[in-house]
Every structure is written in C-alpha cells, then in structure tokens.
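S.K.: Just to be clear, the model below is a prediction. Sequence and coordinates:
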Amino acid sequence: MNSELLTTDELSARIKYDVRTIRERLKDSVLLEGVHYFRPFGGRKILYVWNAIERDMMSAPTAKSMSMMGIPMANGSMLHA
C-alpha cells in the first residue's frame with residue numbers, strides 16, 4: 001500500500017474541518033469505510049486514506065452536473081428536473 005494514512009486529527013488539520021464534523025457528518029456519508037477509511041485489525045481506531053479523499057474531493061460533482069444527471073429512482077429510472 002502506497003497511500004498516506006491519517007488519523008482523524010491529522011485529517012482535520014489538512015482539510016480544515018473540525019474533528020467532530022468529520023466524525024459526525026462526513027464519516028459514512030461522504031467518507032466511506034473501505035474507500036476513504038478503514039479500521040486496522042478490526043479495532044476502534046480509524047485511519048483515513050489521504051489519496052482517496054484528495055481524489056474524491058477534487059472530483060466532487062457540481063450542482064450543475066448533478067442537475068444534468070438527474071435523480072435516481074427506486075425502479076432504476078432517472079428523474080430529470
């Protein structure tokens with residue numbers, strides 16, 4: 001693995017978000033386990049994968065691109081507003 005691993009405090013300093021915001025609002029909504037973070041040895045400690053977070057922060061969809069894509073519906077179709 002050639003990725004830089006960060007603790008929550010280190011990630012907080014790097015992206016300028018409060019530690020609490022990362023834990024309560026970003027983790028499991030934007031930051032996904034197995035993609036952006038993992039728990040080594042199945043423990044409680046969380047390590048964040050900086051390369052994945054940086055990649056996805058830079059390629060986040062804009063409001064305009066989201067409106068062009070539409071809203072996914074339960075039946076598999078797309079709602080275009």
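M.R.: Nice, thanks for sending it over. Numbering: from 1, shown residues only.

S.K.: OK, contacts around residue 50?
M.R.: 3-6, 11, 14 (CB atoms under 8 Å, 6 or more residues apart in numbering). Where you see a C-beta, it was placed from the backbone N, CA and C, and this is true even at glycine.

S.K.: For this protein, which segments count as helices?
M.R.: Counting by DSSP state H, the chain has helices at residues 8-15, 19-21, 50-58, 63-69.

S.K.: And for the shortest one, what's in contact with it?
M.R.: Yep, that's helix 19-21 we're talking about. Against helix 19-21 from outside (CB under 8 Å, 6+ apart): 8-9, 12.

S.K.: That helix: how far from the chain's middle?
M.R.: Taking the mean of its C-alpha atoms, helix 19-21 sits 14 Å from the chain's own mean (CA atoms, centre = their mean, to the nearest Å).

S.K.: Can you tell me, leaving aside adjacent residues, what's nearest to residue 52?
M.R.: Nearest residue to residue 52 in three dimensions, chain neighbours excluded: residue 36, at 5.1 Å (CB to CB, 6 or more residues apart in numbering).

S.K.: picking up where we left off before, can you flag the buried ones in the contacts of helix 19-21?
M.R.: By neighbour count, with 16 or more other CB atoms under 10 Å, the contacts of helix 19-21 hold 8, 12 as buried.

S.K.: if we take the contacts of residue 50, which one ends up nearest to residue 52?
M.R.: Checking the contacts of residue 50 against residue 52 with CB to CB, the nearest one is residue 3 at 7.2 Å.

S.K.: Contact partners for the closest one?
M.R.: Residue 3 touches 49-52, counting by CB under 8 Å, 6+ apart.

S.K.: Tell me the most packed of those residues, by neighbour count.
M.R.: Within these, residue 49 tops the neighbour count with 20 neighbours, counted by other CB atoms under 10 Å.

S.K.: Quick check: the residue nearest to that residue when sequence neighbours are not counted vs residue 32, distance?
M.R.: The spatial neighbour of residue 49 that comes closest, neighbours along the chain excluded (CB to CB, 6+ apart), is residue 3 at 4.9 Å. Applying CB to CB, to the nearest Å, the value for residue 3 to residue 32 is 15 Å.
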